[in-house]
Structure formats: C-alpha cells, structure tokens
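Peer 1: pasting the sequence and the predicted model now:
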Amino acid sequence: MRMEQMYQDVILDHYKHPHGRGLREPFGAEVHHVNPTCGDEVTLRVAVADGAVADISYDGQGCSISQAATSVLYDQVVGQSVTEALDTVGAFTDMVTSRGEVDGDEDVIGDGIAFAGVAKYPARVKCALLGWMAFKDALGRTDAEVTDATIHLDETTTRSTT
C-alpha cells in the first residue's frame, strides 16, 4: 500500500469515527472557531487539571480534513502536560505550514503525520489547523500556567467568534 493511500485511510477513519467528539463537562474554557475560507467550524472545550490536559471535547462541521485533524488532536494531547501539548501543537503546525519542507515526527504527532501531504495545498492548511488553533486559544483562556509568549495565534488561520 502506498504511503499516501495509508495516510488517506487514517484521515478517513478519524473523520468517520472521530475521537473525543461531543461537548463534555467539566471544562475550563470553550471557544468557537470558523475557517472563513471554506466554512469549517468547531466549538472546542478544554479541561486542564494538575498542569495537564485532562480532556478536549468538541463539536463541529466541515471537511474531512478539519474534522479528522481535531480527532487526532484529541488523541495526541489529552493526558499530556500543558507544555508537552503546546510542543505537540507546535510540531503539527510546523509540519502542515512547511509547504512540504518539514516531514513531521510521528513519535510527537502520532496520526497527525497523515496530514503531511496537506502542507502542499495551502488552501487546505487552514482546514487541518482549525481544531489545533482552537485548542491553543481555549488553553490560553484557562487558568493553566500558560504564558502569552507560548500562545501564538495566527489570525489568518482561524477566527474566534467568542
């Protein structure tokens, strides 16, 4: 099986069987982000406890890339410390915004590696980043030990409606 086909299968599986989907309580912050380019949207909640990401829950609509990427986000960062989670988000962001120059580290981003090909399609990068940027925004709105220097939101990527 070609690597591209395997990656497409991973994305399709996360789209059809999303992990972490459904808004849950308790949560420390909730955000709603919209990709104005294509209409994808996500409402995402994050719960932080003892310096770690205790839960991410979300609901949204959009293309398979945006929805699958948010499912992968859930798998990768729930249970990580806030610092580790931000490092994971950074690694995913670096890969998908690199225009194919950064391969990505599967040990860090797990199934997120399936989105490596998205980097070659700038119009789809915003789709892949929607849930990940919503997570960073929500994390910044919690009581977690997160400094302003750590949260770098790219306003051209997503727009928060809260």
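Peer 2: Sure, I can see it. Residues are numbered from 1 along each chain as shown.

Peer 1: do a quick rundown of the helices in this protein.
Peer 2: For the chain, the helices defined by DSSP state H occupy 3-16, 64-77, 82-96, 106-109, 122-140.

Peer 1: His32 is nearest to which of the ones you listed?
Peer 2: His32 sits nearest to helix 122-140 of all these, at 7.8 Å, using Cβ to Cβ. Where C-beta positions appear, they are placed from N, C-alpha and C, glycine not excepted.

Peer 1: tell me what that closest one is packed against?
Peer 2: Contact partners of helix 122-140 among helices and strands, from 3 or more Cβ pairs under 8 Å, 6 or more residues apart in numbering; DSSP states H and E: strand 29-34, strand 41-49, strand 52-61, helix 64-77, helix 82-96.

Peer 1: show me what the second one pairs with in its sheet, parallel or antiparallel.
Peer 2: As defined by DSSP bridges, the strand partners of strand 41-49 come to strand 29-34 (antiparallel), strand 52-61 (antiparallel).

Peer 1: would you turn the ones you listed into CSV with distance to Lys120 and mean neighbour count?
Peer 2: Shown next, in CSV, are the strands paired with strand 41-49 (distance: least, Cβ to Cβ, whole Å; neighbours: other Cβ atoms under 10 Å):
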stretch, distance to Lys120, mean neighbour count
strand 29-34, 23, 20
strand 52-61, 24, 19
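
Peer 1: Val82 and Phe92: what is the separation?
Peer 2: Using Cβ to Cβ, to the nearest Å, one gets 16 Å for the distance from Val82 to Phe92.

Peer 1: for Gln76, same thing?
Peer 2: On the measure of Cβ to Cβ, Gln76 and Phe92 end up 8 Å apart.

Peer 1: now the common contact residues for these two.
Peer 2: By Cβ atoms under 8 Å, 6 or more residues apart in numbering, Gln76 and Phe92 have these common neighbours: 109, 112.

Peer 1: run through this structure and note the low-pLDDT ranges.
Peer 2: Counting by pLDDT under 70, the chain has low-confidence residues at 1, 3, 144-162.

Peer 1: in contact with the spatially most central residue of it, which residues?
Peer 2: In the chain, the centroid-proximal residue (Cα atoms, centre = their mean) is Trp132; its distance is 2.4 Å. By Cβ under 8 Å, 6+ apart, the residues touching Trp132 are 69-70, 73, 89, 92-93.
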